[in-house]
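Visitor: I'd like to go over a predicted model; first the sequence, then the structure.
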Amino acid sequence: MSGHQPRRLGLPLTWLAAAIALIGALPASLPAPAKGLDPYTAIIDLGVTNTPGDGYVVFDQTGNIPALRFMPGATGKTYKIIQTAPERFFGIDVLTGGPVTLVISGIDTTHPIWVNPGSDLTLILDGTNYVRSYISVPETTAITIDSLNDSETDKLIIPSTPGSSNTNAAIGGQGAHTGGLTAQPGGVITINGGYITITASSTGAGIGGGGCVPMELGNQAKGSGGGVITINGGRIDIAQYGYGNPDGGGFAGAAIGSGGHCTSSSSLSPYGPASQITINGGTINVTQYSNAAGIGAGTYARVGTIVINGGTIDAKSIRLSADPYAGAGAAIGSSAGTSATGPASITINGGQISATTESVGAGIGASNNNQPVEITITGGQIYAMSRAGSGIGYVSDPKGSRITITGGQIVAESQTGAGIGNYPATAPDFCLGPGAEVKAYSKTGPAFNVRAVAPPEGHCSGYHVNAQLNQPLSPTKATRLDV
């Protein structure tokens, strides 16, 4: 997903002949695509097109390498982009200043797609498509991704080289660069359908904000918020390994959320507003191998606002590397290490959710981020597990954090921390309503380590019981349970 330097591309005569043949073969009236889209204004071939058309230009950059640019004249129009030969464009540049629809059909580009300020790109997937760089959607821009055929056979694949060192989000804000750009927050990112696969090796998020440059000071050490991310459908698979380590560890963006911050100073605020993440549907599988969260905060960054109303979610934080911080973030929530101050809330109203970690991060909640995180659960089927943190909750002083559970079917467990709450540090406020079905377990810690909220908060009328076996279970006789 790193940026690419312009290089000189030759144009063999056979390609030129193919271009002439293709242009000559296009019908005078282009067919209408499926999914209720307007008829195509043009069909553009990334391998052979070499002349401008209605609403777009072929712009020569340094070294005579062209870029495909959609100009204000493309606003409100629909284009189909195909590829029948090796690409000849240094990226696709959306400069419309308004809405435009691109249907990408079987393309394989090593260069970025840029959505520029004020522009609104609807990207429709048709078949399997590779963008082997990134899709830039910074603040003041928007992108909507969907499937042409309402099928998981319509794919967008954004890979990265193992161990590479990137700062851009795969879809979202561009990252900081040494001596140059600062990290960009993500724009408005909406996913309605299609099958998106991202492998990130970056301080930028898989989907969300741009990231920092490690070992830099000042502005280049800042990451950025993830923008406004809404997932309504489709399938999304993201693996985030972080910056420069093929096995994870070090600085990283969230799989979905904010870019990584390269300093633990809470006074050095990341760029842009905090992330706003809403998941209404779809199938989402995210795996974080570094110390950021699966869904939520990049390294040392803000959690932002996370609302889950539906969908099937499997979020994991896994440790492969010997780096002590590898896999230390929450599956849904904060990263490891003191985070920047700002909004931090997780609300789950529905969905089927599995959130698991192999280190100190909570399944749902916080790692040792030293900032309050508000957790509210009103519904859904939820399994949350942490090896050394809390299944749902925190692993350090929660500083005013609170857990409210008023509905849903919840199982929370930990090996050495609390099933729900915070252990061994101060217990957080806890509100349990009678509409929730909650089971909490811990192998060596308490099932619950919480401080119940007293009336008059009438919806907190449920109760919890801590129980521990006083001897191993026997297959032949009853075992007394001390409460």
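Guide: Arrived safely, thanks for sending.
Visitor: Regarding Ile189, which helix or strand does it belong to?
Guide: Here Ile189, judged by DSSP states H and E, is contained in strand 188-191.
Visitor: Other residues contacting that strand?
Guide: The contact list for strand 188-191 (C-beta atoms under 8 Å, 6 or more residues apart in numbering) reads 137, 141-146, 171-172, 207-208, 227-234, 236, 282. C-beta: built from backbone N, CA, C; applies to glycine.
Visitor: I'd like to know which of the residues you listed are buried.
Guide: For the contacts of strand 188-191, a burial check counting by 16 or more other C-beta atoms under 10 Å picks out 137, 141-146, 171-172, 207-208, 227-234, 236, 282.
Visitor: In strands only, show me the residues you listed.
Guide: The members of the buried ones among the contacts of strand 188-191 that map onto strands under DSSP state E are 142-146, 171-172, 207-208, 228-231, 236.
Visitor: contacting residues around Gly127?
Guide: The contact partners of Gly127, by C-beta under 8 Å, 6+ apart, come to Ser105, Gly106, Thr153, Asp154, Lys155.
Visitor: Ser354 contacts Ile313, correct?
Guide: Yes - with contact defined as C-beta atoms under 8 Å, Ser354 counts as touching Ile313 (7.0 Å).
Visitor: Comparing these two, which residue is more hemmed in?
Guide: Per other C-beta atoms under 10 Å, whichever of Ser354 and Ile313 has more neighbours is Ile313, with 27 against 18.
Visitor: Sticking with that one, tell me its helix or strand.
Guide: Going by DSSP H and E, Ile313 is in strand 312-317.
Visitor: Direction included, what does that strand pair against?
Guide: strand 283-288 (parallel), strand 352-357 (parallel) (DSSP bridges).
Visitor: give me the number of residues near Gly408?
Guide: 21.
Visitor: Oops, could you answer that again for Gly76 instead?
Guide: 13.
Visitor: State the pLDDT value of Gly337.
Guide: With respect to pLDDT, Gly337 scores 75.
Visitor: isn't it right up against Tyr325?
Guide: Yes - contact criterion C-beta under 8 Å: Gly337 and Tyr325 qualify, at 7.4 Å.
Visitor: Which neighbours do the two have in common?
Guide: Asn291.
Visitor: The two: which is more packed in?
Guide: It is Tyr325, of Gly337 and Tyr325, that has more neighbours when counted by other C-beta under 10 Å, with 24 against 21.
Visitor: Could you check how far the more buried one is from Leu181?
Guide: 26 Å (C-beta to C-beta, to the nearest Å).
Visitor: Including pLDDT, could the ones in strands among the buried ones among the contacts of strand 188-191 go into a markdown table?
Guide: Shown next, in a markdown table, are these (pLDDT from 0 to 100):
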| residue | pLDDT |
| --- | --- |
| Ala142 | 98 |
| Ile143 | 98 |
| Thr144 | 98 |
| Ile145 | 98 |
| Asp146 | 98 |
| Ile171 | 98 |
| Gly172 | 97 |
| Ile207 | 98 |
| Gly208 | 97 |
| Val228 | 98 |
| Ile229 | 98 |
| Thr230 | 98 |
| Ile231 | 98 |
| Ile236 | 98 |
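Visitor: Out of those, which comes closest to Gln276?
Guide: Minimum distance to Gln276 across those is 4.8 Å, recorded for Val228 (C-beta to C-beta).
Visitor: Surely the closest one touches Ala274?
Guide: No - under the criterion of C-beta under 8 Å, Val228 is not in contact with Ala274, lying 10.6 Å apart.
Visitor: Pretty sure Thr141 sits against Ser119.
Guide: Yes - counting by C-beta under 8 Å, Ser119 is a contact partner of Thr141 at 5.5 Å.
Visitor: so where do the helices sit in the protein?
Guide: 13-25 (DSSP state H).
Visitor: Please enumerate the strands of the stretch 101-250 of the chain.
Guide: Secondary structure of the stretch 101-250 of the chain (DSSP state E, counting those that start in this stretch): strands located at 108-109, 113-115, 120-126, 128-131, 135-136, 142-147, 155-158, 171-172, 188-191, 195-200, 207-208, 228-231, 235-240.
Visitor: got the contact list for Gly260?
Guide: Applying C-beta under 8 Å, 6+ apart, the residues near Gly260 are 203-204, 211-212, 223, 242-243, 251-253, 292, 298-301, 335.
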